[in-house]
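S.K.: I would like the atomic coordinates for the input below:
(one chain, ligands or ions: 1)
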Amino acid sequence: MSDLVQRARAAMQHAWAPYSQFHVGAALEAQDGTVYVGCNVESASYGLTICAERMALGAAVVGGARKLTRIVVTTDVDPPAAPCGACRQLLAEFGLDLEVRAVGRTTEKRWTLAALLPDAFTKESLDR
Ligand code: THU
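M.R.: Predicted coordinates for the structure are as follows:
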């Protein structure tokens with residue numbers, strides 16, 4: 001198992017998901033090799049739930065990372081769960097060339113963020 005998969009699976013152990021019982025882990029690698037992790041955190045006020053990917057992105061940003069290269073998202077389902085739309089959009093803030101790998105119990109899928117978010121709205125979209 002690759003290091004990033006191990007890190008995401010370790011983070012997944014800490015998921016707080018008492019409502020969905022759906023545990024997600026994420027490991028996001030920056031260009032300097034630093035890895036930032038996240039897990040999903042649910043709330044009794046359901047809409048406040050935060051996904052694992054956005055937790056990892058927040059950790060990366062507060063850690064000073066700006067150039068991100070790869071993210072691994074782990075779940076216990078097959079086919080593996082891809083990042084939700086909100087996470088795709090927030091990750092796009094730091095570049096569409098991010099490599100995205102979703103790892104389920106026994107299968108995996110890979111994309112670029114550009115493939116997961118075609119015709120993305122980005123900071124360039126704001127240019128006038
Ligand atoms: N979840 C994530 O952590 N990442 C995603 O990309 C999709 C969904 C979480 C949110 C919630 O805690 C649970 O999975 C079920 O939707």
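
S.K.: For the helix or strand hosting residue 10, which residues meet the burial criterion?
M.R.: For residue 10, the enclosing helix or strand under DSSP states H and E is helix 3-12. By neighbour count on 16 or more other C-beta atoms under 10 Å, the buried set for helix 3-12 is 4, 5, 7, 8, 9, 11, 12. For glycine as for every other residue, the C-beta is placed from the backbone atoms N, C-alpha and C.

S.K.: Just give me the residue right at the centre of this protein.
M.R.: Note on the chain: the residue nearest the mean C-alpha position is residue 53, at 2.7 Å, using C-alpha atoms, centre = their mean.

S.K.: gap between that residue and residue 71?
M.R.: Separation of residue 53 from residue 71 (C-beta to C-beta, to the nearest Å) stands at 7 Å.

S.K.: Return every residue with contacts to both of these two.
M.R.: 26, 28, 83, 91 (C-beta atoms under 8 Å, 6 or more residues apart in numbering).

S.K.: Can you say which two of these are spatially most distant?
M.R.: With distance counted by C-beta to C-beta, no two of the shared contacts of residue 53 and residue 71 lie farther apart than 28 and 83, which are 11.0 Å apart.

S.K.: which of the shared contacts of residue 53 and residue 71 has the most neighbours?
M.R.: For the shared contacts of residue 53 and residue 71, the largest number of neighbours (other C-beta atoms under 10 Å) sits with residue 28, at 30 neighbours.

S.K.: Three-state assignment for it, please.
M.R.: Here residue 28 takes the strand state, with states given by DSSP: H, G, I helix; E, B strand; the rest coil.
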